[in-house]
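J.: Structure for this input, please:
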Amino acid sequence: MTTLIVSSDDKTNFNGQGTVQDPDAVYATAHDGPGEFVTNYNQYHNVGQRYTDDAGSPYQIFRCVMRFDLTNLPVGTTITSAVMTILRGSQSVTQYRDWNFVLIDGSDCADPLVAADYGDLLDNTTSLGEIAISATSTSAVFEITLNAAGRAFLESKAGGVAVIAARSSEDISSTPPPDYNAGEYTEINFSIITATEGEYPYITIIYPGLARGSQAQIIG
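T.: Residues are numbered from 1 along each chain as shown. Presented below is the predicted three-dimensional model:
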């Protein structure tokens, strides 16, 4: 078996990764909107939803986009296992109910990101892998095992770039967040772009055969 590790840490392409959102005073409008803001360059990005004390646009939904270089994954590969490792940030939430951090296909997103990518992600609801937030901790890494759909998605991007987005399960199900004044939030932040080794998302891919390039780690 061959192990290939690919990360989202592309310091030449900050603009291709980040968070998109479209806040509004009405949840349905915020949820289904075309997109208004793009945030990149920051080390930490959010996934989830919140209802804030902003009178103008209290409903805020965060969808995040990551890019992984699969140049060294041979075309035609059948992946045995794929696990994404993510560092959860310290500025996180007080939970009032559990929800899942869900990976989805982000191929519709532009490079560099544009505000309209927010709306482009709306109909992307098929889970490539997910984890309950209750199973994660602040300032600690967590792992998401990609499911069959996730492995097939990576296989389809072999030799190129895999764009993976993240959404809250409550965003996908159109479940509004609670009132900010109750001290309850439904979002977390995580590290996506950083100069520190090991603090950015990466995927460990295992498959039969030989890999190409320096990213490949041959084992067994």
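J.: bridging residues for R167?
T.: Beta-bridge partners for R167, by DSSP bridges, are V102.
J.: What pLDDT does the model give it?
T.: At R167, the pLDDT value in this model is 94.
J.: Begin at 57, not 1, for the rest of this chat.
T.: Let's use 57 as the start, then, which means that last one is R223.
J.: That one: what's it in contact with?
T.: V103, R119, V158, I160, L177, N180 (CB atoms under 8 Å, 6 or more residues apart in numbering). All C-beta atoms are positioned from the backbone trio N, CA, C, and that covers glycine.
J.: mind listing the helices for the protein?
T.: 83-88, 173-176, 204-212, 225-228 (DSSP state H).
J.: I'd like to know which of those lies nearest to D154.
T.: helix 225-228 (9.1 Å; CB to CB).
J.: contacting residues around the closest one?
T.: 87, 104-105, 117, 119, 155-158, 181, 186, 233, 242.
J.: Buried subset of the residues you listed as a PyMOL selection?
T.: A single PyMOL command selects the buried members of those (16 or more other CB atoms under 10 Å):
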select buried, resi 87+104+105+117+119+155+156+157+158+186+233+242
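J.: Tell me which of the contacts of helix 225-228 fall in strands.
T.: G104, Q105, I117, R119, N156, F157, V158, E186, T242 (DSSP state E).
J.: Farthest pair within the residues you listed?
T.: Using CB to CB for every pair in the ones in strands among the contacts of helix 225-228, the one that comes out farthest apart is I117 and E186, at 17.0 Å.
J.: Identify the residue nearest the geometric centre of this protein.
T.: Nearest to the mean C-alpha position of the chain, by CA atoms, centre = their mean, lies A222 at 3.2 Å.
J.: Check whether that residue really touches M140, as I assumed.
T.: No - assessed by CB atoms under 8 Å, A222 is found out of contact with M140, at 9.5 Å.
J.: Give the intersection of the neighbour lists for those two.
T.: Common contacts of A222 and M140 (CB under 8 Å, 6+ apart): L159.
J.: what bridges to V62?
T.: In beta-bridge terms (that is, DSSP bridges), V62 pairs with I259.
J.: residues contacting it?
T.: V62 sits in contact with F124, D125, L126, N128, L129, Y258, I259, I261, Q271, where contact means CB under 8 Å, 6+ apart.
J.: okay, C120: pLDDT?
T.: pLDDT at C120 comes out at 91.
J.: Quick check: bridge partners of it?
T.: With DSSP bridges as the rule, C120 is bridged to T75, A222.
J.: Show me where this protein has its strands.
T.: For the chain, applying DSSP E gives strands covering 58-63, 74-77, 93-95, 100-107, 115-125, 137-143, 156-161, 185-188, 197-201, 217-224, 242-247, 258-263, 272-274.
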